[in-house]
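K.L.:
here's my sequence, what's the structure:
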Amino acid sequence: MFTKACEYAIRAVLFIAMKSIDGSRLGIPEIARAIDSPVPFTAKILQTLVRKKIISSIKGPNGGFFLDPKAKPIPINAVVKAIDGDDVLSSCALGLKKCSDSFPCPVHHEVKLYKDKLKEVFKDTSIQSAARDVLQGKAYLKNYSPRSSR
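P.N.:
You can find the predicted model right below:
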């Protein structure tokens with residue numbers, strides 16, 4: 001459903017949020033390694049996230065990418081919209097141009113229920129709360145273990 005760029009972006013922002021809690025700033029290679037993404041592709045994604053004001057960056061020897069620990073909660077759907085746009089959870093699951101409640105595709109009504117729930121979860125779940133869940137061992141993020149970071 002989401003592009004690979006969007007999947008990487010969500011994982012990158014979660015990783016950055018977890019590491020930013022203690023004031024750390026991260027470089028592109030470290031983020032790319034943590035999210036299993038090619039470095040150039042990661043750089044492009046991070047530039048988009050900075051431009052859309054999802055994450056911050058500072059240039060220079062002590063610079064890097066970070067999320068202000070005092071920032072207001074950022075819903076996961078803000079990351080999705082920044083990378084894949086507004087239509088990703090509204091478009092037809094079969095890729096048809098004219099699919100709606102009035103003119104549904106064969107799977108429209110079944111898929112719509114799942115998409116609506118996913119929209120709600122992504123709107124109501126912040127990056128910060130998801131990062132806390134990973135840090136507390138309540139959730140899992142590939143290539144990240146709370147024990148190895150302490």
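
K.L.:
would you confirm that residue 65 belongs to a helix?
P.N.:
No. Counting by DSSP: H, G, I helix; E, B strand; the rest coil, residue 65 falls outside a helix, being strand.

K.L.:
that one and residue 55 touch, don't they?
P.N.:
Yes. Taking C-beta atoms under 8 Å as the definition, residue 65 is a contact partner of residue 55 at 5.6 Å. No exception for glycine: its C-beta is placed from N, CA and C like everyone else's.

K.L.:
for the protein, just list every one of the helices.
P.N.:
Along the chain, counting by DSSP state H, helices occupy 4-20, 28-35, 39-51, 76-84, 108-124, 127-135, 146-149.

K.L.:
next up, the contacts around residue 55.
P.N.:
13, 16, 46, 49, 65, 66, 67 (C-beta atoms under 8 Å, 6 or more residues apart in numbering).

K.L.:
and the first one, how far from residue 102?
P.N.:
So that's residue 13. 36 Å (C-beta to C-beta, to the nearest Å).

K.L.:
neighbour-wise, which of the two wins?
P.N.:
residue 13 (29 against 6; other C-beta atoms under 10 Å).

K.L.:
count the neighbours of residue 91 for me.
P.N.:
Residue 91 has 16 nearby residues by other C-beta under 10 Å.

K.L.:
likewise residue 39?
P.N.:
13.

K.L.:
tell me the pLDDT at it?
P.N.:
pLDDT, residue 39: 97.

K.L.:
nearest residue to it in space, please, no chain neighbours.
P.N.:
Spatial nearest neighbour of residue 39, excluding adjacent residues (C-beta to C-beta, 6 or more residues apart in numbering): residue 32 at 4.6 Å.

K.L.:
quickly note the distance from the spatially closest residue to residue 76 that is not a sequence neighbour to residue 2.
P.N.:
Excluding the flanking residues, the one nearest residue 76 by C-beta to C-beta, 6+ apart is residue 122, at 4.3 Å. Taking C-beta to C-beta as the measure, residue 122 falls 10 Å from residue 2.
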